[in-house]
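**Student:** just to be clear, the model below is a prediction. Sequence and coordinates:
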Amino acid sequence: AQSVTQPDIHITVSEGASLELRCNYSYGATPYLFWYVQSPGQGLQLLLKYFSGDTLVQGIKGFEAEFKRSQSSFNLRKPSVHWSDAAEYFCAVGASNTGKLIFGQGTTLQVKP
Amino acid sequence: DAGITQSPRHKVTETGTPVTLRCHQTENHRYMYWYRQDPGHGLRLIHYSYGVKDTDKGEVSDGYSVSRSKTEDFLLTLESATSSQTSVYFCAISERGQETQYFGPGTRLLVL
């Protein structure tokens, strides 16, 4: 069965520090992978996606993610975190041609001044 | 931003009452989805639609039904609400399967 694991429930980083959020997936075929961000009380906003091609994907707000098939991972990175990045981050895998998404449990990012 | 609205945005109801949530889109996208969000579970798919009158179940469909009589509207009905259905409900749309899904603002439902 398809699944997504985000091992870190909460992460705290200092403003200006680098960030890496982990995502591991289980899927039998080539996955379609997404990272979404959710600010408190808001809906989800797409940060970036991987469908095929270059395994390093650039997204909005300075985020990037790297697809590593051998590790079944799609980790999200940012070189320098800003206070406005504090939010909850969700990794998701597209499960079939229906477009059904399987989400991870989410990682809450806190940014210290 | 994708043109997606959800109504109501907040609702308090009592156990055993029927509840209908509405998702409305102005993008003419074929696919529409209903998710629920609960702490520790991320988002879980309830039902989805791949066209007018074409719907299918997601992973947590028990106690929910849906209808889609026109492209722009996707209704989620709780036939007899239970406290376990207290959650935040999100609608999403996509132009095609396995394309990016765009999410609505959510509906916060409290079942007492």
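**Tutor:** Done, it's in. Residues are numbered from 1 along each chain as shown, chains lettered A, B, ... in the order given.
**Student:** distance of B:Ser49 relative to A:Ile102?
**Tutor:** Separation of B:Ser49 from A:Ile102 (CB to CB, to the nearest Å) stands at 18 Å. (Each C-beta comes from the backbone N, C-alpha and C, glycine too.)
**Student:** check A:Ile9 too.
**Tutor:** 18 Å.
**Student:** neighbour count: those two, which is higher?
**Tutor:** A:Ile102 (23 against 12; other CB atoms under 10 Å in any protein chain shown).
**Student:** thought the more buried one was touching A:Cys23?
**Tutor:** No: checked against CB atoms under 8 Å, the pair A:Ile102 and A:Cys23 is beyond contact range at 11.4 Å.
**Student:** any low-confidence regions in the chain?
**Tutor:** Assuming you mean chain A. Applying pLDDT under 70 to chain A flags residues A:96-97.
**Student:** that's the wrong chain, I meant chain B
**Tutor:** In chain B (pLDDT under 70), the answer is B:1-2.
**Student:** middle-most residue in it, spatially?
**Tutor:** B:Trp34 (2.9 Å; CA atoms, centre = their mean).
**Student:** quick revisit: so what sits against both of A:Ile102 and A:Cys23?
**Tutor:** Counting by CB atoms under 8 Å, 6 or more residues apart in numbering or on different chains, the contacts common to A:Ile102 and A:Cys23 are A:Val4.
**Student:** which parts of chain B sit against chain A?
**Tutor:** B:31, B:33, B:35, B:40-45, B:48, B:50, B:56, B:58, B:90, B:92, B:94, B:96-106 (CB under 8 Å from any CB of the partner chain).
**Student:** of these, keep whichever come out buried.
**Tutor:** B:31, B:33, B:35, B:42-45, B:48, B:50, B:58, B:90, B:92, B:94, B:97-106 (16 or more other CB atoms under 10 Å in any protein chain shown).
**Student:** show me these that map onto strands.
**Tutor:** Using DSSP state E, the members of these that fall within strands are B:31, B:33, B:35, B:42-45, B:48, B:50, B:90, B:92, B:94, B:102-103.
**Student:** residue contacts, the residue nearest to B:Pro18 when sequence neighbours are not counted?
**Tutor:** Once flanking residues are discounted, B:Pro18 sits nearest to B:Glu79: 5.8 Å by CB to CB, 6 or more residues apart in numbering or on different chains. For B:Glu79, the contacting residues are B:Pro18, B:Gly63, B:Ser65, by CB under 8 Å, 6+ apart.
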